[in-house]
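Chemist: One predicted model, sequence on top.
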Amino acid sequence: MSEPIVWLTVFVLSVFVGIEVISKVSSTLHTPLMSGANAIHGIILLGAIIVTGAADSTLPLVVGLVAVVLATVNMVGGFVVTDRMLQMFTRKKKPVAAASGEGAGQ
Amino acid sequence: MTTPVWVQLVYLLCAVCFILALKGLSGPRTARSGNLIGAAAAVVGCTVPFFYLDLDHVALILGAIAIGTAGGLVGARRVQMTQMPQMVALFNGVGGGAAALVALLELQHLGDDAGWFELAATAFTIVVGSISFSGSVITFLKLQELMTSRPVIFPGLPVVFGGALLAAVALSVVTVTAPAVGVGVILTLLGLLIGVLLVLPVGGADVPIVISLLNAFTGLTVAAGGYVLGNTLLLVAGTLVGASGTFLTKLMAAAMGRSVANILFGALKGGSTLGAGEISDRPVKSAGAEDVAILLGYASKVIIVPGYGLAVAQAQHTLRELVDVLGERGIHVDYAIHPVAGRMPGHMNVLLAEAQVPYEQLKEMDDINGEFKQTDVVLVVGANDVVNPAAKTTPGAPIYGMPILNADEAQQVIFMKRSMRPGFAGIENELLFDPRTTLLFGDAKDSLGKLLSAVKSL
């Protein structure tokens, strides 16, 4: 197989995996899911590091460093904010007041 | 230069982790660990180039990462839960901007031996990354209410928009035939312009759909960037986000009973996505907190319909206290969560979870819609369009076809509203004028506080 075909194959298969893997998500989790997916594309930081490390003059270096900062904000901020949202969902040990309210409500 | 095998294997491992992360994020039990798996994979992936490439400027790069980490942490920690959608938009925008800059730098390195497909992917990354950046900034400004959340249209907008698109396509072709950094810079500016023009005509209620769409855009730019750099991890991760983001956008639009095209371009066709927004002077029945407390306190089954107004008033904690007190009186209380309650699908769940409302009390629309008939009182707090029967009965209404909560089937409906102003969709709600409906005017937090003390003293 020629190189571009390999890339195309990976691309097309990834499209199907991407759709399949989230197809059963409940609407409850749409916001954290969007936020988590958002954090994942922060992986562009990897590309930013590679091109910045190859910069051979000042202007590309500065542009590259800006890209590194932006990509890091995307990645770190994205994962942290998603975790903050999800922390609230998974708090299983409920405080006393909430637990009694729920017990009486059932 | 070929990438060493061990690096390829680490990239593969990271890509698998991203798939597991998305899978995990789709279920309430696994969501948090899914997110952590994704974060771990991202960190591992980004440390790899330091070990196999002879990178220059390592100290500067690490400094930039430190600055970015600090910025991301502060933003993510400080943001209020109600402001979550615009924060996600901002994080997405900077990611798109980073991708565009990376492609711009790579354009400089691509020589005459670069294939046309590589150059096309570079142009794509530059344009779409810039669109994602400027579009996200506009969504941020709209949701943060730093600019009007109404659709902004001016005569000739479609012409300028179309012209910018054509110019971007033409310059992309130029880039493929004769790559030059100067052309890349112009492509960046065009992308920024297109992004602004794309989001300006979108009304406030529809902005979340646009965030999701731009998120998918950024994913695709990262994928294209991965192809240009010859990096499989970027290609797979970007494609995963692009595909799942596009699918998620469709799900969200479907939950609002709209098509994505209608959301983006509805305002341009003249049929505004917002109605007149006029205040009606038809008579309604309003009551004080004490009367409403009696209705609630002697009911046996109550359903709460929370909306964005609840979140704006920061009243979710007071609401939970009220529900706890009602629960102590032996009243069965559930929360009915419309898929688009709040600003984004699932946003309301996050807000209520923050107020420590037990997950089991949050019922999704399809699960609870059958229960309204047996419900004594429905308490609508800061919501409007999601219970508007016009979605079923008025074919011309902007929300026609949107699935709604069947609050109109309950014995009694109580609306807590600040005023008679229509909801985001800008249309009147017939349910407000129904004889079974009682209105409790005032700020949601004040009203709930009064209601809480009134129910306690029953």
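Modeler: Looks like it came in fine.
Chemist: Does residue B:400 lie in a helix or a strand, and which?
Modeler: Using DSSP states H and E, residue B:400 sits within no helix or strand.
Chemist: Could you report the pLDDT at it?
Modeler: Residue B:400 is assigned a pLDDT of 76 by the prediction.
Chemist: Pick out the residue of chain B closest to chain A.
Modeler: Nearest residue of chain B to chain A: residue B:68, at 2.5 Å (Cβ to the nearest Cβ). Quick note: C-beta positions are derived from backbone N, CA and C, even for glycine.
Chemist: May I ask which helix or strand encompasses that residue?
Modeler: helix B:58-78.
Chemist: Check which helices and strands that helix is in contact with.
Modeler: helix A:44-53, helix A:58-72, helix A:78-89, helix B:84-109 (3 or more Cβ pairs under 8 Å, 6 or more residues apart in numbering or on different chains; DSSP states H and E).
Chemist: any chance of those helices in JSON lines, with mean pLDDT too?
Modeler: Converted to JSON lines, the helices and strands packed on helix B:58-78 look like this (pLDDT from 0 to 100):
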{"stretch": "helix A:44-53", "mean pLDDT": "96"}
{"stretch": "helix A:58-72", "mean pLDDT": "96"}
{"stretch": "helix A:78-89", "mean pLDDT": "89"}
{"stretch": "helix B:84-109", "mean pLDDT": "93"}
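Chemist: Dump those into a markdown table; add distance to residue B:5 and mean neighbour count as well.
Modeler: A markdown table is the format used below for the helices and strands packed on helix B:58-78 (distance: least, Cβ to Cβ, whole Å; neighbours: other Cβ atoms under 10 Å in any protein chain shown):
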| stretch | distance to residue B:5 | mean neighbour count |
| --- | --- | --- |
| helix A:44-53 | 18 | 28 |
| helix A:58-72 | 26 | 22 |
| helix A:78-89 | 29 | 23 |
| helix B:84-109 | 24 | 28 |
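Chemist: ok, the closest residue to chain B within chain A - contacts?
Modeler: As assessed by Cβ to the nearest Cβ, chain B sits closest to residue A:72 within chain A, at 2.5 Å. By Cβ atoms under 8 Å, 6 or more residues apart in numbering or on different chains, residue A:72 lies in contact with A:42, A:45, B:64, B:65, B:67, B:68, B:69, B:71, B:72.
Chemist: Equivalent analysis for residue B:237, please.
Modeler: With Cβ under 8 Å, 6+ apart, residue B:237 has these contacts: A:40, A:41, A:43, B:14, B:15, B:18, B:219, B:222, B:223, B:226.
Chemist: Just those: which are in helices?
Modeler: A:40, B:14, B:15, B:18, B:219, B:222, B:223, B:226 (DSSP state H).
Chemist: Just to be sure, residue B:378 is in a strand?
Modeler: Yes. Assessed by DSSP: H, G, I helix; E, B strand; the rest coil, residue B:378 belongs to a strand.
Chemist: burial count for it?
Modeler: For residue B:378, the neighbour count with other Cβ atoms under 10 Å in any protein chain shown is 28.
Chemist: Make a markdown table from the contacts of residue B:237 and add neighbour count to it.
Modeler: Shown next, in a markdown table, are the contacts of residue B:237 (neighbours: other Cβ atoms under 10 Å in any protein chain shown):
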| residue | neighbour count |
| --- | --- |
| A:40 | 32 |
| A:41 | 38 |
| A:43 | 31 |
| B:14 | 24 |
| B:15 | 24 |
| B:18 | 30 |
| B:219 | 31 |
| B:222 | 37 |
| B:223 | 30 |
| B:226 | 29 |
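Chemist: and of those residues, the nearest to residue B:108?
Modeler: Nearest to residue B:108 among the contacts of residue B:237, counting by Cβ to Cβ, is residue B:226 at 18.1 Å.
Chemist: Perfect, I'm done here.
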